[in-house]
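Undergrad: Provide a 3D model corresponding to the input given below.
(chains A and B)
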Amino acid sequence: MSGTTPSAAATTGTGRARAATAVDSGEEIGAIATIRRGVRHSPELVQGIRVTLFLAVLSTAGQVVVPVAVQQTLDRGINAPGGTDVGFTVVMALLAAAAVLLTGLASYLMTHRLFIAAETGLSSLRVKAFRHVHDLPMGTQDTERRGSLVSRVTSDIDQVSQFIVFGGVLFIVSIGQILVATVVMGIYSWELTIVVWVCFAPLFLSLRYFQRRLSAAYGVVRRQVGLMLSAIAEPVVGAAVVRSYAVESRTQARIDTTIDTYRAAAVRAQGFTAVSFSLGGISAGLANAGVIVIGVWLGLAGRMTAGEILAFAFLVTLFVGPVQMGTQILTDAQNAIAGWRRVIGLLDTPAELVDPGPDGAELPDRAVDVELDGVWFAYPGGEPVLRDVSLRLAAGRRVAVVGETGSGKSTIAKLLTRLVDPTAGSVRLDGTDLREVRGASLRRRVVLVPQEGFLFDDTVLANARYGDLDADEARVLAAAAEIGLDDWIATLPQGVHTPVGQRGESLSAGERQLVALLRAHLADPDLLVLDEATSAVDPALEMRINRALDRLMAGRTAITIAHRLSTAENADEVVVVDAGRIVQHGPHAELVEVGGSPYARLHASWVAQRAPAS
Amino acid sequence: MAGLRVLGVAIRREPWVFTVATLGSVLFGALTVADAWVLGWATDHVVLPAFRDGEIGAGALVVVVALFVGVAILRAVGIVARRLGAGIMQYRMEAHDRRAVTRQYLALPMAWHHRHPTGVLLSNANADVQAAWGPVAPLPMAVGTIAMMVIAVVQMVVTDLVLAVVGLLVFPAVILVNLWFQRVTSPLMTRVQELRGVVSEIAHESFDGAVVVKTLGREAEETERFRRRSEELRDVAIRAGRLRAAFDPILNALPNLGVLLVLVVGVARVLDGTSEPGAVVTVAYLLTVVAFPIRSIGWLLGDLPRSVVGFDRVRGVLRAEGGLVYGEDRIATTDRPGVGARLEVDGVRFGYAEGSPVLRGVTFAVEPGRTVAVVGPTAAGKSTLTSLLTRLVDPEDGAVRVDGTDLRDLAYGALADAVAVVPQTAFLFDDSVRGNVALGLDVDDDAIWSALETAQAADFVRRLPAGLDTELGERGTTLSGGQRQRLSLARALVRRPRLLVLDDATSAVDPEVEARILGALRSAPDDRSDGSADRAGTTLVVVAYRRATIGLADEVVFLDDGRAVDQGPHEDLLARNAAYARIVTAYDHDTEPAGPTEPAGTAEEALR
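TA: Predicted structure coming up:
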């Protein structure tokens, strides 16, 4: 799924060139690069970062000052050598209380600001990533599981925000505390400070190793999550098949396997985390022992007092706490960074269907001629589906594209509507390469109706209006009447206000196609491409729709991809595709005469089908 | 408190792991205290004597190092036990619930599935489960530190009762802050979880409909739709975050303020002689010791509102009732695969929603080994009828019987043994070709290849990189629609069903291939004949528009507006039923609709 790097994918050549790119996994991006680039994608994250950092410094200082103040009050107030000093105690207590409140306020403001920055930055990243998925070519979208694409704009980003808000603050505070503790320790004794750092050196040095192992372990966890989610989706999406084949226990067994594999991977990663975390404690034990032993030696040399050694031992605990916290956060960061990587990887995946924007060409407001010039196409990692296809269709013609299943005719439909770009060669409308046409212009003029016309979980009306957002109900009803769907709408329980259910599943497959056709008709295109758009509609209704469309599309270009050769019989010209090449092109009457030709064969079997078997 | 109930469930379900993790946590706590003790011991026995005597024995140094390192190692063991235990517990709880939720998905009836959006169901099984058991991770730590707290509190009380009471004011304050926090964040957290579900649902739907979005150029509108919800999520999260930002510092400040209060009260008491300075110091020190545990318990409690929301959403699925009730009957003679069964549809009524019936009393019968085509205009109820034949739904009235047994009386699995359906839209599992065709049935490769041959799928399967072992990916997206349909057909055929239901199952297959499939289906019964001529082959019910398919049928059932309005041989219906004739002869007339009485056949005669 990863593999193809953007640069490799961008190399175009002649003939059999690159395949459509797969969605970038982002696994190759380093941790620092991830953060740098993540921040570049979400500049809101560092907006006002100075104030936030200042507040962080304040609250870090507070974390150190408060225990020290308490310590001082105890030692020099209550436990003062000359008896309890009331004035000092009360003043110190009030000062300490003020410090506590100030620290709390600073930490509240800092966390609040971080929440705003993180949620704002990641919300815009989420939207950006969502948009990017829609900008990817279809072939690229298909290289990734749907659930996995969804998780890149949902849970992956949630993970980053959780980390920034909770881990991010603590990490800054911990680093601050480590520095403050080091400086204070240095004031007491630079020799012992070195001892402490030496004892922690193995931990710091092994961090990289552990991070790498952990990163790998969490990588496995993420992949297992993907597989698990895909398996969990099966009893939901395939509910009918599972029931009618009574394969509940088999399905469950498969799900259970992925659930358990995921659990095992997660526990393994957790084990790594626990071990790496516990190393900090061992370093602390070594440091304590070292401080006593070396301290005594220094003392014997007359360079330290017993009191200083004990004070230093207290400082070591102030050092150990944040070190443990910091390593812990680094570990959590692996997970967050993995998620962030995946989002950045997605954004890195070239949106090959780049809209040239305002600079792009506008298609003329009339029927367009269509030209495929030396077009090759292959899906990611697959064999070429189209091989050097060249074709010219004059404006205003009704063209039928026919061919066996898998011959590549649907790919032609996708190329004409720029759902995919050719691997090599070019597709031109009215002489302009589709890649140079402004997206908005292309989508207004050219419309594809695919076989499985996806519907949104809304009413028939809302789905139809998807083709023309300005259409009111009256316009939708009029459009339905124009293509002969008024009778059908009358049979719906709530007319056009009937909800279609998720994916339109409350309607039958045929009805879904009717809504998709209505939607396309409302879009009022100059080039209409129908890819098996009426395959589930009954023949009488199909013929009625076709006749209506013929009338409405008069003077515009219509390309129909069909199994039912009735369409071909009625078309101005027929294009026959076989194994990725165009093998015949001409009017039906002419092609059918060529004995033994692919079209003659297809037509013969169509005619045989139409006749009741006898 | 609801949150504690959730934790109780976790402890009851994993008592041993919980115990080990908690012991690890206690060990960790005890050794943290031991650290201070070792330091004290080292001071008294090593540091001070060394300064006093001006020399130090090597033995004492070794003991110091051994003590410090020993304690550190034991503490590391405690950490590993606690964290690993907590992890095992958390992930086991998650796995348990995921298994239970998916079991429910498999058990609940189709009607339930129709009512629940896919995105919500997926998030129930994932994000909600995760949220529910999130607080299990810090639980052993919290329980372990409670033990430490109890010890500290007892010590405080023994040292100086009054000062202890003053210091312990911190506890009710912490509880009040927690209660406040839970009260104010709970609705926000619920909303956040809901919005996460909504955002994920929009992404799912939008990516599923990517082709439509692209072809109609609606990327901007879709992004806007996603942005609106995503920003709502952002705003609610920020509001919840603001509370969280206040909660943590308050929780941090309370023990410190308690210590300071103890100091001030302590000074007064030392002055009037009721307390010793040493007692003040001890109570203040113990209070700082419990400060950290209080915080860790606070963190645990802080996560609880989210947990309760997730837990309740998961419970919602687990509590859903329904599911088909199975009888105990089996269909007679199922030991003879491929022998036709008799199908009887008797006065069946059905509707998905109240007041809008789809089937309004359908009655027909199919004799063993016969082939019946169900023909009807778009939305006549044909697909619904096939769902009833395979008991995806039960009729509101009337009955469906196979070999005289009402489907509702059949034992689980008995129907699937005899009846196979090929749906209009093929669904493939994320599995190999073999796995998808056999679907757990114990068949050899020969049987699979033979089913693939009949379904005209053998050629393209042979061309796949790993043949039968090729993994098809999620929902078989690597294949074309026609290829998916043919694998779906092979899946039905390999079971040698006694009743085979094809719901327009070759719509994405081109005419030539379809003709071959139909030919193979027709000849298949003869192949399996073992000589007994009286044996009828598979009973076949096909939903179809195409004349070739209809021609294959012995009889046609014409379904219109939820009723079986006519039944009989194709030729008879063609002659006597104008509506039927209009549908099946539509392709024969190029320009204008056929008159209802126009004799069929002339057009194709002319073409031949």
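
Undergrad: And chain A, is the lengthiest helix in chain B touching that?
TA: Longest helix of chain B, by residue count under DSSP state H: helix B:219-271. Yes. Using CB under 8 Å from any CB of the partner chain, we find that helix B:219-271 touches chain A at B:219, B:221-223, B:226-227, B:230-231, B:233-234, B:237-238, B:241-242, B:244-246, B:248-250, B:252-253, B:256-257, B:259-260, B:263-264, B:266-267, B:270-271. (Each C-beta comes from the backbone N, C-alpha and C, glycine too.)

Undergrad: Just list what the helix or strand that that helix is followed by packs against, helices and strands only.
TA: Downstream of helix B:219-271, the next assigned helix or strand under DSSP states H and E is helix B:277-319. Under the contact criterion of 3 or more CB pairs under 8 Å, 6 or more residues apart in numbering or on different chains; DSSP states H and E, helix B:277-319 touches helix A:49-72, helix B:2-13, helix B:58-107, helix B:129-133, helix B:139-159, helix B:161-168, helix B:170-208, helix B:219-271.

Undergrad: avg pLDDT for the first one?
TA: What that stands for is helix A:49-72. Averaging pLDDT along helix A:49-72 yields 79.

Undergrad: Same check on the fourth one?
TA: Across helix B:129-133, the average pLDDT comes to 90.

Undergrad: Mind giving me the packing neighbours of it?
TA: Short answer (3+ CB pairs under 8 Å, 6+ apart): helix B:129-133 packs on helix B:58-107, helix B:277-319.

Undergrad: can you redo these as a markdown table with mean pLDDT and mean neighbour count?
TA: Shown next, in a markdown table, are the helices and strands packed on helix B:129-133 (pLDDT from 0 to 100; neighbours: other CB atoms under 10 Å in any protein chain shown):
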| stretch | mean pLDDT | mean neighbour count |
| --- | --- | --- |
| helix B:58-107 | 91 | 20 |
| helix B:277-319 | 79 | 20 |
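
Undergrad: out of the ones you listed, which comes closest to residue B:162?
TA: Between residue B:162 and the helices and strands packed on helix B:129-133, the tightest spacing by CB to CB is seen for helix B:277-319, at 9.6 Å.

Undergrad: and that closest one with helix B:2-13, angle?
TA: 80 degrees (axes from the mean of the first three to the mean of the last three CA atoms, to 10 degrees).

Undergrad: Which neighbouring elements make contact with the helix or strand following helix B:277-319?
TA: Reading on from helix B:277-319 to the C-terminus, the next helix or strand found by DSSP H and E is strand B:343-350. Here strand B:343-350 touches strand B:359-366, helix B:382-389, strand B:397-402, going by 3+ CB pairs under 8 Å, 6+ apart.

Undergrad: What pairs with strand B:343-350, parallel or antiparallel?
TA: Taking DSSP bridges as the criterion, strand B:343-350 forms sheet pairs with strand B:359-366 (antiparallel), strand B:397-402 (antiparallel).

Undergrad: quick check: mean pLDDT across the last one?
TA: Just to be clear, that refers to strand B:397-402. pLDDT averaged over strand B:397-402 gives 93.

Undergrad: Any part of the following helix or strand past that strand near chain A?
TA: Downstream of strand B:397-402, the next assigned helix or strand under DSSP H and E is strand B:405-406. No. Under the criterion of CB under 8 Å from any CB, strand B:405-406 makes no contact with chain A; the nearest approach is 15.9 Å.

Undergrad: Quick check: buried residues in the following helix or strand past strand B:405-406?
TA: Per DSSP H and E, the first helix or strand lying C-terminal to strand B:405-406 is helix B:414-418. Using 16 or more other CB atoms under 10 Å in any protein chain shown as the test for burial, helix B:414-418 gives B:414-418.
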